[in-house]
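Undergrad: build me a model:
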Amino acid sequence: MLLVRSRIYILILLLAAATATRGYSQTFALHDGDRVVFYGDSITAQRLYTRFVEDMVLTRYPQMYVDFWNAGVSGDTVNGGYAGNTEARLKRDVFSHKPTVVTVMLGMNDGGYGVFNPKWLDAFTSGYRNLLTEIDTELPGVRITVIRPSPYDEISHGTEFPGYNGVLERYADQISQFGKEPHRMLADFYGPLMNLLITGKRENPALAQLIIPDRIHPSESGHWIMAEALVRAWGMTPIVSSVQLDADSGKALDAQNAELTGIQRTLTGLRWTQLDRSLPLPLNLSDPMTQFVLKTSDLGTVDQQMLRFQGLKAARYTLRIDGARVASFTRDELAAGVNLALYPTPMENQARDVDWIEVRRTKLDEARFMLIGEGLNVEGSAEAGKTLELAQDAMAREQREKAQPKAHAFELAAE
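TA: This is a model prediction of the structure:
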């Protein structure tokens, strides 16, 4: 009878895992050794969704080596902008890095912040096609992800350009057509952010206004949603780890992407050592906006560090990791599964350390781009650019070292 119940429970876990990973492919679109360039306008130049995507890859695939470059320029359109036309931009800011993956996120500036003009949409379509063709021609075999741009917020604010978000939606729909072509991938920033704005306004109008505070440039909270949309399109696994323990036998029933050793029954619970092969996302869990976004979006579904128990007797238990209290849970909560990625843990602290290096690295990248990408003709700029690039490489190596998971001592004790 116990064997039958165990098999049924394992089947339930497998079904739950299938549900949790819905919307994700079995293989990640990025590969070891890939070089990724993010091409776009000022929203890309904010270096936020790009930073969070890098964090996601570093923490979820710590053994993978991927280089990232930001090629966002404020005010850019499909025809370029103040930092050069499309041909110059691609040659200097994209092709020079010999990328294997390029993302394109344009559209916000292409509608002119006015009423819909079909001729402008035709020009955008033609310009976007030329952009993709140039990339394909110069970089045979490159994998291109086209991105439906983030919305112009007329939901939580009054609007400076009435109806412009409707114009932008038409442009986003045109990009969707490019995403249907062979050898292309499509990521959607527009839809998830619109859903967040609508739900956020209903739940908390004041906080909803902070998602895209100037109606154009999302805050960090909005960029987390954009990053999640991009890695979802790429098929990143949402599973940090998934562990199931039996309190009666003191044995592990399931351990996905994790290794459990030294499991011991104690007078009031269990003690064990756990090594997860990934880290949770470096979310600032003490920030009210982070909690607001977790409540009103699907961000938490990409960050699953699950811990489950069966056979618990007491009504409530305290979980400690490395001797520090994490939280108190009921028996039913632990049976259903708790997501440790949403609690302050040593693993979350380690991920935050990785992000802190990424913050500093993106500052170097921005300085290098301003020096080289924006054409500042200063004596010694080429040498300075190489020095900044070497400093970025050193920080990237430090990040990968920091991202390597560590074993931690777990203890669950009845209260």
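Undergrad: switch to C-alpha atoms for all contacts and neighbour counts from now on
TA: Fine.
Undergrad: Ala208 and Gly112: what is the separation?
TA: Applying Cα to Cα, to the nearest Å, the value for Ala208 to Gly112 is 25 Å.
Undergrad: these two: which has the busier surroundings?
TA: Ala208 (23 against 15; other Cα atoms under 10 Å).
Undergrad: now do the contacts for that one.
TA: The contact partners of Ala208, by Cα atoms under 8 Å, 6 or more residues apart in numbering, come to 156, 197, 200-201.
Undergrad: next SSE downstream of the lowest-mean-pLDDT helix or strand in the chain?
TA: Every helix and strand of the chain was ranked by mean pLDDT, DSSP states H and E. The lowest is helix 2-20, at a mean of 38. Moving toward the C-terminus from helix 2-20, the next helix or strand (DSSP states H and E) is strand 35-40.
Undergrad: who are the packing partners of that next one?
TA: strand 67-72, strand 101-105 (3 or more Cα pairs under 8 Å, 6 or more residues apart in numbering; DSSP states H and E).
Undergrad: mind listing what it pairs with, with the direction of each?
TA: In the sheet, strand 35-40 lines up against strand 67-72 (parallel), strand 101-105 (parallel) (DSSP bridges).
Undergrad: now do stretch 245-254, average pLDDT.
TA: Taken as a whole, stretch 245-254 has a mean pLDDT of 96.
Undergrad: below-threshold pLDDT in the chain: ranges please.
TA: Low-confidence segments of the chain, defined by pLDDT under 70: 1-26, 374-377.
Undergrad: quick one, helices of it?
TA: Applying DSSP state H to the chain gives helices spanning 2-20, 42-45, 49-60, 86-89, 118-138, 164-178, 190-203, 205-208, 220-234, 288-296, 331-336, 346-368, 381-402.
Undergrad: among these, which is nearest Met105?
TA: For the helices of the chain, distance to Met105 was read as Cα to Cα. The smallest value, 7.3 Å, belongs to helix 42-45.
Undergrad: what sits up against the closest one?
TA: 38, 50, 70-76, 105, 217-218.
Undergrad: turn those into a markdown table, including distance to Tyr82.
TA: As requested, the contacts of helix 42-45 are arranged in a markdown table below (distance: Cα to Cα, whole Å):
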| residue | distance to Tyr82 |
| --- | --- |
| Phe38 | 18 |
| Thr50 | 22 |
| Asn70 | 17 |
| Ala71 | 13 |
| Gly72 | 12 |
| Val73 | 8 |
| Ser74 | 8 |
| Gly75 | 8 |
| Asp76 | 8 |
| Met105 | 17 |
| His217 | 19 |
| Pro218 | 22 |
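Undergrad: closest to Val338 out of those?
TA: Distance to Val338, by Cα to Cα, is smallest for Thr50 among the contacts of helix 42-45, at 29.0 Å.
Undergrad: spit out the contact partners of the closest one.
TA: Here Thr50 is in contact with 38, 44, 70, 227 (Cα under 8 Å, 6+ apart).
Undergrad: now for these, which pair is the farthest apart?
TA: Longest span within those, Cα to Cα: Asn70 and Ala227, 14.0 Å.
Undergrad: ok, back up a step: can you tell me which of the strands paired with strand 35-40 is nearest to Ile357?
TA: Of all these, it is strand 67-72 that lies closest to Ile357, at 14.1 Å by Cα to Cα.
Undergrad: how far does stretch 302-320 stretch from one end to the other?
TA: Stretch 302-320 stretches 24 Å from its first residue to its last (Cα to Cα).
Undergrad: give the buried residues for it.
TA: Residues 302-310, 312, 316-320 are the ones in stretch 302-320 that count as buried (16 or more other Cα atoms under 10 Å).
Undergrad: and what of stretch 233-248?
TA: Residues of stretch 233-248 classed as buried under the neighbour-count rule (16+ other Cα under 10 Å) are 233-247.
Undergrad: out of those, which is nearest to Gln404?
TA: With Cα to Cα as the yardstick, the closest approach to Gln404 among those comes from Val240, at 13.0 Å.
Undergrad: tell me the contacts of Pro218?
TA: By Cα under 8 Å, 6+ apart, the residues touching Pro218 are 43, 211-212.
Undergrad: ditto for Gly111
TA: Contacts of Gly111 by Cα under 8 Å, 6+ apart are 117, 120-121, 164, 167-168, 171.
Undergrad: I'd like to know which of those residues are buried.
TA: Neighbour-count burial (16+ other Cα under 10 Å) applied to the contacts of Gly111 gives 121, 164, 167-168, 171.
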